[in-house]
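# Give me a 3D structure for the following:
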Amino acid sequence: AASLTVTAGGNVDVGSITGDNVTITSAGSILDGSTTENKRIVGDTVHLIAAGAIGEGADDLDLETSELTAEFGTSIYVENHTDFDALHLFSTQAGDNNEYEIAADDLTFNVTDDGTRYLLTDVRETSGDGMDFSFQGDEDIAIGMIWPGDAATVVVTSTHGAILESGDDAAAEIRATNAILTAAGGVGETGAGLETRVGDLAINVTGAGSIFVKELDHVTLGDVNTANGSISITSVGSMTATDVAATDGSVTLLSSGGMIATLVRAVDSGATGSYDVNLTNNDSGNVVVGTVSTDNNLVIDSAGSITDSLSAVISVTGQGILDAGGAITLGDTATDSVHFGRLDATAASIIAISEDSDMVVDRLVAASTSLASTGSITDSASAVVTIDGQGVLHAGGSITLGDTATDSVNFGSLDATAGSTIAISENSAMVVDGLSAAGAALTSTGAITDNASAVIDISGQGIFDAGGSITLGDTATDSVNFGSLDATA
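Okay, here's the model as predicted:
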């Protein structure tokens, strides 16, 4: 059978229609013109477009199709005499109390509206074969359960409202392989996030509104964004954030089995405020960062390590607050671009960070550290630097740490290279592995010594002030050279 298209300026009464692809468009309603069920619309795909209703309460429109797309202005009454592979519904409620009755093999369909919102209480394909499902409405959409099969795709769109959970249970409102949600007024609410169990999730909030979602398994966030609101998504399993962007809002992502933050942004449109990016992995696994940007603070808390991918771009105007149960390694390749306004980093092992700008340290706590900056390395007032092992510092400009009385700076040993001067004051004994600079000013409350095979090359003046003794170059393998020397012990 060939494809068939019918267009009418008023109501359409349907008897028997058969075609590969059947499309009926009515400026009124599409109604069942037969009193027997064997008179029906038969087609591989059926597309019904009505300004009014499809079917009537006392007389369902009979179909036999695997794929139905229905666009309607009021109510819909349809009976499909087989099962659906795909069901796509587009409703215009406009504040009315309409009715939605759709029957088919292996389909549970309980959808109502109360004049202010749609209630998708229970939509399920019960055979396990799967049914792609779409629903679009023009007001709030409250979801109780959409489960058209674990291998299906769910698309829900609210053109003028929000997408919310119906009730407060902990079960998933949407179960599918893929879910695509679009809303003018947000998805989920504070304290009542929308629960999902999907593999891939995409969300677009087109107006003022935020996103609150709890994923009950592993998830990939494909394209998640807001036009004016924050994003808060948690997952019970691992999370891959392929493209997440909040405009005039913060981003908060929490995973429990590792996180890959490929592209995450908190964007300030210039209206008001500054917005954070918060990435937390609170169970096994690591956090891997690709491109992350915020005009305020970046907070990363990982049970494992914090690393970046090749050619990572990290742009943080405010403070970078990093806490890792393992190592922190950022900017370790030439193609990376890393910038923090200020840095607060804690790691169970090593902190290795290379910045493509000046580096300002608020806090460093680790077993060892390797810091590099194309500009200077300095600390803020009341900075705390506690490195149990070696601190390796490399700056294109100067290095200045511990220069105020409220600072606390301690390295197990120190290897520092600067394009200009090095000025470091430690609140403990200082052990030097290497120094290379135009000038150096080192201060210690205890002794200043060097390790075996230390290399000290200061082309200008070296100024040393120790609360204890100063001992440098005391082994044959040491190499110590100053342009001039001023030492107090």
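
# what about L435, which helix or strand?
Assigned by DSSP states H and E, L435 belongs to strand 430-437.

# Pairing partners for that strand, with directions?
strand 408-418 (parallel), strand 448-466 (parallel) (DSSP bridges).

# Show the secondary-structure elements that the next helix or strand after it is packed against.
Once the chain leaves strand 430-437, the next helix or strand it forms, by DSSP H and E, is strand 439-444. Strand 439-444 is packed against strand 421-426, strand 430-437, strand 448-466, with contacts defined by 3 or more C-beta pairs under 8 Å, 6 or more residues apart in numbering; DSSP states H and E. No exception for glycine: its C-beta is placed from N, CA and C like everyone else's.

# quick one: buried residues of the last one?
Residues of strand 448-466 classed as buried: 448-451, 454-456, 458, 462-466 (neighbour count, 16 or more other C-beta atoms under 10 Å).

# what about it, distance to the chain center?
Its chain's average C-alpha position is 47 Å from that of strand 448-466, according to C-alpha atoms, centre = their mean, to the nearest Å.

# Can you name the element that comes right after it?
strand 470-471.

# Report the next helix or strand after that next one in sequence order.
Next along from strand 470-471, by DSSP H and E: strand 479-488.

# hang on, the earlier thing: want to try a markdown table for the helices and strands packed on strand 439-444, with mean pLDDT and distance to T400 as columns?
Listed next are these as a markdown table, based on pLDDT from 0 to 100; distance: least, C-beta to C-beta, whole Å:
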| stretch | mean pLDDT | distance to T400 |
| --- | --- | --- |
| strand 421-426 | 98 | 5 |
| strand 430-437 | 98 | 11 |
| strand 448-466 | 97 | 13 |
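
# I'd like to know which of those is closest to E56.
strand 421-426 (84.7 Å; C-beta to C-beta).

# Which parts of the stretch 301-450 of the chain are strands?
306-324, 328-330, 337-347, 350-355, 359-366, 368-373, 377-395, 399-401, 408-418, 421-426, 430-437, 439-444, 448-466 (DSSP state E, counting those that start in this stretch).

# closest one to N38 among those strands?
Going by C-beta to C-beta, the one of the strands of the stretch 301-450 of the chain nearest N38 is strand 306-324, 60.7 Å.

# Between the buried residues of strand 448-466, which sits nearest E125?
Nearest to E125 among those: N451, at 70.0 Å, using C-beta to C-beta.

# and the nearest residue to the closest one once chain neighbours are set aside, how far is that from D486?
Once flanking residues are discounted, N451 sits nearest to D433: 5.3 Å by C-beta to C-beta, 6 or more residues apart in numbering. Using C-beta to C-beta, to the nearest Å, one obtains 22 Å as the distance from D433 to D486.

# what about these two, which has more around it?
Just comparing D433 and D486: by other C-beta atoms under 10 Å the higher neighbour count belongs to D433, 20 against 11.

# check contacts around the more buried one.
Counting by C-beta atoms under 8 Å, 6 or more residues apart in numbering, D433 touches 390, 413-415, 450-451, 454.

# Next, the distance between the ends of stretch 44-57.
Distance between the boundary residues of stretch 44-57 (C-alpha to C-alpha, to the nearest Å) amounts to 25 Å.
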